[in-house]
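**Student:** Here is a sequence together with a model predicted from it:
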Amino acid sequence: MWAGTTRSVVDCRAPHKWRNLLITFFAGLLLNACAGLEGPQVADYDEADFWDSSLIFVRHIDVSLLQSSHDHRPLNLSGFVSAIAARGDDLFFVDQGSGRLVQLSLSSMTADILTTLRIADSKGLYASNDGLVYVLDQFERTVVAIDTLYKETHRFSLASVMGSPADITMVDADQFLVVIDGLDGRMVRVDKLGGVYPLQRSRFPSRSALMSVTAIAAGGNSVFVLDDTAGEVVGFNLEGQAVGLYATDELGHATALAADSCGRFFVSDDDDGSLFIGLSDMSLPGVRVSVEELSGTEISDLWTDDVFLYVATRTDGIYVLLIDPECGL
């Protein structure tokens with residue numbers, strides 16, 4: 001549906017209109033002051049500037065080298081990351097090899113183990129703004145909610161409504177969790193008391209039957225669902241009605257999905273190692289960007305906080321990219 005165009009990523013060492021700002025920004029933010037980040041800065045862009053999006057490599061995190069925040073001993077992680085989420089200074093990820101859910105401080109580069117999963121290959125991880133972290137336990141077909149401050153854990157069962165929960169996101173200012181079933185694309189809303197409600201939806205507006213739902217993400221007033229086999233992204237409103245079909249004929253082997261509050265969505269494509277960026281309102285065609293540092297990696301999950309795009313890989317840890325321009329509120 002969209003004719004994608006190719007744009008080369010702007011290297012952080014090359015001349016760029018944001019270069020002086022970025023040097024100051026990164027020095028304080030990503031080396032020592034991640035804890036001071038409160039959210040994206042408000043900025044005005046005209047339409048052309050806003051869509052002149054590029055992804056700028058910031059840092060690589062070798063997960064296998066991380067140490068405990070308590071005794072600084074190695075955590076002995078595999079480095080194969082299946083899911084990722086971030087909130088301020090904290091980066092959360094699931095190490096597939098060990099099954100551990102890890103909380104990493106970006107300022108100190110030390111980590112803590114929050115829990116261990118028996119099956120750890122889903123993308124089901126979400127860090128909400130109220131201090132909770134939600135992770136899918138596929139073996140038990142439950143959502144585990146962890147309060148990272150008070151170290152309390154709650155479990156919400158999905159066993160009666162889902163055969164194979166695949167991914168989670170949150171909507172309505174992080175008030176409701178949305179979980180999608182990888183078998184049939186069924187979606188349910190889960191409130192913070194554990195109540196589970198079907199999300200009524202129309203049929204997928206696809207040319208083919210739903211084949212393989214692999215990821216879900218929410219941005220603005222839309223929920224995006226990635227169908228890997230069909231090679232497309234489907235948009236829904238918060239009532240579950242299908243409102244858009246994106247990236248048709250643009251994706252080869254799509255593996256991960258993220259969305260920001262400006263209505264942009266990001267899809268990784270393993271066929272050529274690039275990232276596809278689309279707009280929910282389809283006002284402009286999607287663009288494809290390549291990041292040299294991601295070449296040859298197998299991207300497993302994506303997360304964005306409107307400023308950075310966090311990239312989890314199954315072969316080489318985690319990459320942090322700057323989204324230029326950042327998403328204004």
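**Tutor:** Okay, I see it. Residues are numbered from 1 along each chain as shown.
**Student:** Give me the helices and strands touching the strand or helix carrying Asp167, please.
**Tutor:** Here Asp167, judged by DSSP states H and E, is contained in strand 165-171. The elements that strand 165-171 packs onto, with contact taken as 3 or more CB pairs under 8 Å, 6 or more residues apart in numbering; DSSP states H and E, are strand 125-127, strand 132-137, strand 176-181, strand 213-219. In short, each C-beta sits where N, CA and C put it, glycine included.
**Student:** Skip ahead from the longest one and say which helix or strand is next.
**Tutor:** This points to strand 213-219. strand 222-227.
**Student:** same check, this time on the third one
**Tutor:** If you walk from strand 176-181 toward the C-terminus, the next helix or strand you reach (DSSP H and E) is strand 187-190.
**Student:** between the helices and strands packed on strand 165-171, which gets nearest to Ser98?
**Tutor:** Ranking those by their distance to Ser98 (criterion: CB to CB) puts strand 132-137 first, at 14.0 Å.
**Student:** now that closest one: mean pLDDT?
**Tutor:** On average, the pLDDT along strand 132-137 is 96.
**Student:** What are the buried residues along the helix or strand following it?
**Tutor:** Going down the chain from strand 132-137, the next helix or strand is strand 142-147, by DSSP H and E. Residues 142-146 are the ones in strand 142-147 that count as buried (16 or more other CB atoms under 10 Å).
**Student:** what packs against strand 142-147?
**Tutor:** Under the contact criterion of 3+ CB pairs under 8 Å, 6+ apart, strand 142-147 touches strand 110-116, strand 132-137, strand 152-157.
**Student:** Which residues does it contact?
**Tutor:** For strand 142-147, the surrounding residues in contact (CB atoms under 8 Å, 6 or more residues apart in numbering) are 101, 114-115, 124, 131-137, 152-159, 165, 168, 177, 179, 190, 192.
**Student:** If we use 6 Å, what do you get?
**Tutor:** Strand 142-147 is contacted by residues 114, 132-135, 137, 153-157 when judged by CB atoms under 6 Å, 6 or more residues apart in numbering.
**Student:** Just the buried residues out of the residues you listed, in ChimeraX syntax.
**Tutor:** One line in ChimeraX is enough to select the buried members of the contacts of strand 142-147, burial here meaning 16+ other CB under 10 Å:
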select :114,132,133,134,135,137,156
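**Student:** Could you dump the contacts of strand 142-147 into a markdown table with distance to Gly79 added?
**Tutor:** As requested, those are exported to a markdown table (distance: CB to CB, whole Å):
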| residue | distance to Gly79 |
| --- | --- |
| Leu114 | 18 |
| Leu132 | 26 |
| Val133 | 21 |
| Tyr134 | 23 |
| Val135 | 19 |
| Asp137 | 22 |
| Thr153 | 26 |
| His154 | 30 |
| Arg155 | 28 |
| Phe156 | 30 |
| Ser157 | 31 |
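**Student:** Pick the one among the contacts of strand 142-147 closest to Thr313.
**Tutor:** Val135 (18.7 Å).
**Student:** and the helices and strands packed on strand 165-171 as TSV, adding distance to Thr315?
**Tutor:** Listed next are the helices and strands packed on strand 165-171 as TSV, based on distance: least, CB to CB, whole Å:
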stretch	distance to Thr315
strand 125-127	19
strand 132-137	22
strand 176-181	26
strand 213-219	18
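**Student:** Would you mind measuring from the residue lying closest to Asp174 once chain neighbours are set aside to Thr248?
**Tutor:** Excluding its sequence neighbours, the residue lying closest to Asp174 (CB to CB, 6 or more residues apart in numbering) is Ser128, at 4.3 Å. For Ser128, the distance to Thr248 (CB to CB, to the nearest Å) stands at 32 Å.
**Student:** Ala215: neighbour count?
**Tutor:** Residues lying near Ala215 (other CB atoms under 10 Å) number 28.
**Student:** I'd like the distance between it and Arg59.
**Tutor:** 24 Å.
**Student:** I'd say Thr255 and Val267 touch.
**Tutor:** No - the criterion here is CB atoms under 6 Å, and Thr255 misses it with Val267 at 8.3 Å.
**Student:** Which residues are in contact with Ile277?
**Tutor:** Counted by CB under 6 Å, 6+ apart, Ile277 has contacts 53, 264, 266, 287.
**Student:** Repeat that for Phe156.
**Tutor:** 143, 190, 194.
**Student:** okay, those in a markdown table with distance to Asp301 and pLDDT next?
**Tutor:** Formatted as a markdown table, those follow (distance: CB to CB, whole Å; pLDDT from 0 to 100):
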| residue | distance to Asp301 | pLDDT |
| --- | --- | --- |
| Val143 | 17 | 95 |
| Val190 | 20 | 92 |
| Gly194 | 25 | 84 |
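**Student:** can you redo the residues you listed as CSV with distance to Leu294?
**Tutor:** As requested, those are exported to CSV (distance: CB to CB, whole Å):
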residue, distance to Leu294
Val143, 30
Val190, 33
Gly194, 38
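**Student:** so which of these comes closest to Leu309?
**Tutor:** Val143 (24.5 Å).
**Student:** Pairing partners for that closest one in the sheet, please.
**Tutor:** Beta bridges link Val143 to Leu136, Phe156, judged by DSSP bridges.
**Student:** any idea how far the residue nearest to Asp174 lies from Arg73?
**Tutor:** 30 Å.
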